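>>> Got a sequence here, can you model it:
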Amino acid sequence: MIAGNCLCGDVSFTVNGPLGRATACHCGQCRKQSGHHWASSSAAESDFIIVGPIKWYEASATAKRGFCPNCGSFLFWKAHDEDAISFSLGALTEPTGIRLESHIFVADKGDYYEIADGLPQHEKS
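Numbering: from 1, shown residues only. Here you go, the predicted model:
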């Protein structure tokens with residue numbers, strides 16, 4: 001089980017189940033909403049317990065982003081056609097034991113930084 005929460009503590013979540021790969025997303029939407037690239041993993045929606053209010057923002061025709069309506073912490077990303085939810089690695093209670101596995105949407109990364117950690121880089125997802 002892993003657990004996390006938003007900055008103010010109004011929203012908390014636990015995940016009880018297998019996790020997807022841990023990635024850093026460099027797409028323009030993640031950079032604008034998070035302030036930099038967004039590190040996340042995912043799990044089946046049925047493996048989540050979310051406590052507290054979540055505000056969902058319809059970011060595109062294909063996905064929505066969940067955040068705390070009080071402090072604004074960007075916590076979740078969910079594709080409309082999938083049964084998984086991605087969650088922010090930065091929101092997790094440590095230690096997590098999770099390590100980044102790759103970078104995605106690197107074709108859209110900001111020009112103000114380099115990716116130099118040696119992990120695989122994918123132009124898209």
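
>>> switch to C-alpha atoms for all contacts and neighbour counts from now on
Noted.

>>> got the end-to-end distance for stretch 111-124?
Length of stretch 111-124, first residue to last, C-alpha to C-alpha, to the nearest Å: 17 Å.

>>> and what of stretch 117-125?
End-to-end distance (C-alpha to C-alpha), stretch 117-125: 18 Å.

>>> same check, this time on stretch 95-106
27 Å.

>>> Let me see the mean pLDDT of that stretch.
Averaged over stretch 95-106, pLDDT sits at 96.

>>> outside of that stretch, which residues touch it?
Residues from elsewhere that reach stretch 95-106 (C-alpha atoms under 8 Å, 6 or more residues apart in numbering): 2, 21-27, 39, 119-125.

>>> Can you show me the strands along this protein?
Listed in chain order, the strands of the chain (DSSP state E) span 2-5, 12-15, 23-25, 38-44, 48-51, 55-57, 63-67, 74-79, 84-88, 102-104.

>>> tell me which residues of the first one are tucked away?
Within strand 2-5, the residues that count as buried by 16 or more other C-alpha atoms under 10 Å are 2-5.

>>> how distant is it from the center of its chain?
Put simply, strand 2-5 sits 12 Å off its chain's centre (C-alpha atoms, centre = their mean, to the nearest Å).

>>> now could you export just the CA positions of that strand as PDB?
This file holds the C-alpha atoms of strand 2-5, laid out as PDB (Å, rounded to 0.1, in the frame of the first residue of the first chain):
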ATOM      1  CA  ILE A   2       1.100   3.500  -0.700                       C
ATOM      2  CA  ALA A   3      -0.400   6.700   0.500                       C
ATOM      3  CA  GLY A   4      -0.300  10.400  -0.300                       C
ATOM      4  CA  ASN A   5      -2.000  13.700   0.300                       C
END
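
>>> Which of the helices and strands in the protein ranks last by mean pLDDT?
The helix or strand of the chain with the poorest confidence is helix 28-34; it has a mean of 93 (mean pLDDT, DSSP states H and E).

>>> What are the buried residues along that helix?
Using 16+ other C-alpha under 10 Å as the test for burial, helix 28-34 gives 28-31, 34.

>>> cool, stretch 61-69 as well?
Using 16+ other C-alpha under 10 Å as the test for burial, stretch 61-69 gives 64-68.
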